[in-house]
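Student: sequence and predicted structure, then a few things I'm wondering about:
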Amino acid sequence: MEIVTRHTGATICVVDKDLHVLYVNEAYANWFKVRPADLIGRFLPSLYSEAARVQFQPHIDKAMSGQQVTYQRQICGADGQEMWFSISLNPWYTPEGQVGGVVNSALEVHELKVTTNALRAANQRLFSHMENSPLAVVELDAKLGLVHCSSRATEWFGWHHASHQGESVLNLVGEGARVEPLRKALQRLLTGSDRQNRVEASLARPDGSVQHCMWFNSALINLRGETVSIMCQIEDISERVAAADRLMHLAQHDSLTGLLNRGAFMVQAEEAVENPAQASGGIVILFMDLDGFKDVNDHHGHHMGDTVLRLVAQRLASVVRADDTLARLGGDEFTVLMRGNPGPQGLVRYIDSIMETFAAPFVLPSGVPVTLGVSIGVASHPPLPAQVDELLTRADHAMYEAKRGGKGTVHYALPALPV
């Protein structure tokens with residue numbers, strides 16, 4: 001028995017029912033810096049401090065009742081150093097089947113315990129960082145199933161690892177063009193073509209609003225090169241997107257009327273010309289200049305002139321077709337891009353509806369009515385070439401011909417006659 005117990009790597013002590021020491025191995029005796037024989041017959045509690053007895057006595061009592069007990073505690077050695085041990089208490093029985101005492105074996109697990117505690121502390125710090133981060137943090141498994149998500153992810157998207165545990169994040173984000181880039185980015189992490197990536201996606205919130213997010217994704221790879229976990233850190237960029245949209249709107253729209261400006265009008269006209277499917281049958285540009293607008297500025301001031309321009313824009317917007325583009329080029333000049341040529345009769349009816357919007361006077365905030373007219377130049381492709389600059393210039397010239405022919409009239413630009 002001495003050979004066996006000497007080489008187990010554990011401290012071993014056998015006590016009887018009255019807690020007197022019957023046997024100890026050399027490792028146990030070394031802990032007290034004595035020989036094994038010096039401990040035989042000693043009363044076990046007398047070897048330890050009061051604080052130590054308070055810790056182990058309940059476990060001894062359980063073992064004496066016939067239970068197998070395992071627990072961990074710190075033990076202070078003769079040199080004052082505290083070490084962690086895993087202690088097993090096993091009752092031994094007399095030939096009559098009664099508990100005769102306890103076999104106490106203790107295995108040093110100090111390094112393991114220290115490492116475990118450090119790992120637990122690190123995990124707690126990491127969890128705290130995840131919970132307090134301004135980013136939403138989501139952990140996925142190798143099948144993109146939800147493993148854990150921070151409280152901010154729950155707040156933003158309504159996900160919770162308790163109720164959505166294992167559910168595919170692809171199901172949670174839904175379908176559509178707004179999330180398709182995210183779906184592709186996560187698939188690239190699964191296949192190993194990416195180790196990390198970032199992608200913008202827009203997700204629906206529980207209240208139905210849309211949240212624009214930037215996803216920073218990284219894969220955890222095992223030794224076989226397989227993705228075993230994916231961590232997603234998600235930034236809310238809704239304000240940034242909204243600001244960019246506002247800047248884009250300002251860049252493309254007239255600040256006074258809210259209509260498209262010249263630059264945006266030209267872009268849309270170019271797209272219509274280059275995409276025959278968008279403008280089946282060609283395009284028509286109407287170039288309009290208000291008649292009598294100078295008198296409004298002269299008699300009522302430029303502020304009232306701006307008010308009239310906004311009223312004109314509202315009336316024109318109410319009659320143009322849904323697929324057409326209305327813009328203000330500047331001053332009192334407006335244009336309409338018609339996608340698809342409605343033919344001579346259809347075009348006449350369309351222009352008549354625009355003319356009719358000027359039949360009723362425009363009423364200023366002071367209640368004073370203002371009467372305006374409009375002169376319109378028309379340029380169509382076909383028959384004119386499919387060149388937007390050329391079409392707009394021809395429509396502009398046609399408008400001036402209309403003014404020379406009498407205000408409130410229409411003039412059509414015709415192809416140049418062959419020389």
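Tutor: Now that the structure is in, tell me what you want to look at.

Student: low-confidence ranges, the stretch 251-400 of the chain, go.
Tutor: Judged against pLDDT under 70, the low-scoring parts of the stretch 251-400 of the chain cover residues 276-280.

Student: please enumerate the strands of it.
Tutor: Under the criterion DSSP state E, counting those that start in this stretch, the stretch 251-400 of the chain carries strands at the ranges 283-291, 325-330, 333-339, 362-363, 369-370, 373-381.

Student: ranking the ones you listed by burial, who's on top?
Tutor: Using mean count of other C-beta atoms under 10 Å, the stretch among the strands of the stretch 251-400 of the chain with the largest mean neighbour count is strand 283-291, at a mean of 25. Bear in mind the C-beta positions are built from the backbone N, C-alpha and C, glycine included.

Student: the residue nearest to residue 11 when sequence neighbours are not counted sits in which helix or strand?
Tutor: Once its chain neighbours are removed from consideration, residue 11 has its nearest residue in residue 28; the separation is 3.9 Å (C-beta to C-beta, 6 or more residues apart in numbering). Using DSSP states H and E, the element containing residue 28 is helix 26-31.

Student: which elements pack onto the helix or strand that comes right after that helix?
Tutor: Note on helix 26-31: by DSSP H and E, the next helix or strand toward the C-terminus is helix 50-64. In terms of contact count using 3 or more C-beta pairs under 8 Å, 6 or more residues apart in numbering; DSSP states H and E, helix 50-64 is assigned the packing partners strand 69-76, strand 82-93, strand 99-108.

Student: can you redo those as a markdown table with mean pLDDT and mean neighbour count?
Tutor: A markdown table is the format used below for these (pLDDT from 0 to 100; neighbours: other C-beta atoms under 10 Å):
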| stretch | mean pLDDT | mean neighbour count |
| --- | --- | --- |
| strand 69-76 | 83 | 15 |
| strand 82-93 | 88 | 17 |
| strand 99-108 | 91 | 19 |
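
Student: okay, the ones you listed in CSV with distance to residue 19 next?
Tutor: Converted to CSV, these look like this (distance: least, C-beta to C-beta, whole Å):
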stretch, distance to residue 19
strand 69-76, 15
strand 82-93, 12
strand 99-108, 8
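
Student: wait, which of those strands is closest to residue 168?
Tutor: Shortest separation from residue 168 across the helices and strands packed on helix 50-64 is recorded for strand 69-76, at 39.9 Å, computed as C-beta to C-beta.

Student: if we can go back for a sec, can you put the strands of the stretch 251-400 of the chain in JSON lines and add distance to residue 250?
Tutor: Output for the strands of the stretch 251-400 of the chain, formatted as JSON lines (distance: least, C-beta to C-beta, whole Å):
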{"stretch": "strand 283-291", "distance to residue 250": "24"}
{"stretch": "strand 325-330", "distance to residue 250": "14"}
{"stretch": "strand 333-339", "distance to residue 250": "19"}
{"stretch": "strand 362-363", "distance to residue 250": "26"}
{"stretch": "strand 369-370", "distance to residue 250": "29"}
{"stretch": "strand 373-381", "distance to residue 250": "27"}
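
Student: between these, which one is closest to residue 35.
Tutor: Set against residue 35 and scored by C-beta to C-beta, the strands of the stretch 251-400 of the chain come closest in strand 325-330, at 102.1 Å.

Student: ok and the closest one relative to strand 333-339, angle-wise?
Tutor: Here the directions of strand 325-330 and strand 333-339 differ by 160 degrees (axes from the mean of the first three to the mean of the last three C-alpha atoms, to 10 degrees).

Student: packing partners of strand 325-330?
Tutor: On a contact count with 3+ C-beta pairs under 8 Å, 6+ apart, strand 325-330 meets helix 262-274, helix 302-319, strand 333-339.

Student: go again using 6 Å as the cut-off
Tutor: helix 262-274, strand 333-339 (3 or more C-beta pairs under 6 Å, 6 or more residues apart in numbering; DSSP states H and E).

Student: mind putting the ones you listed in a markdown table, distance to residue 39 included?
Tutor: Compiled in a markdown table, the helices and strands packed on strand 325-330 are given as follows (distance: least, C-beta to C-beta, whole Å):
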| stretch | distance to residue 39 |
| --- | --- |
| helix 262-274 | 95 |
| strand 333-339 | 101 |
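
Student: out of the ones you listed, flag the one nearest residue 290.
Tutor: Each of the helices and strands packed on strand 325-330 was scored for nearness to residue 290 using C-beta to C-beta, and the closest is strand 333-339 (7.9 Å).

Student: the closest one pairs with which strands?
Tutor: Counting by DSSP bridges, the strands paired with strand 333-339 are strand 283-291 (antiparallel), strand 325-330 (antiparallel).

Student: closest to residue 358 out of those strands?
Tutor: Minimum separation from residue 358 across the strands paired with strand 333-339 (C-beta to C-beta) falls at strand 283-291, 8.3 Å.

Student: returning to that earlier point: let me have the strands paired with strand 333-339 in TSV, adding distance to residue 159 as columns.
Tutor: Compiled in TSV, the strands paired with strand 333-339 are given as follows (distance: least, C-beta to C-beta, whole Å):
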stretch	distance to residue 159
strand 283-291	48
strand 325-330	42
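
Student: residue 347 is nearest to which of those?
Tutor: Between residue 347 and these, the shortest separation by C-beta to C-beta is 6.6 Å, and it involves strand 283-291.

Student: restricting to C-alpha, output that closest one in PDB.
Tutor: Only the C-alpha atoms of strand 283-291 are listed here, as PDB (Å, rounded to 0.1, in the frame of the first residue of the first chain):
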ATOM      1  CA  ILE A 283     -38.800  60.700 -74.700                       C
ATOM      2  CA  VAL A 284     -40.200  64.200 -74.700                       C
ATOM      3  CA  ILE A 285     -38.800  67.200 -73.000                       C
ATOM      4  CA  LEU A 286     -41.100  70.200 -72.200                       C
ATOM      5  CA  PHE A 287     -39.200  73.400 -71.400                       C
ATOM      6  CA  MET A 288     -41.500  75.900 -69.600                       C
ATOM      7  CA  ASP A 289     -41.000  79.600 -68.800                       C
ATOM      8  CA  LEU A 290     -43.600  81.500 -66.700                       C
ATOM      9  CA  ASP A 291     -45.400  84.500 -68.300                       C
END
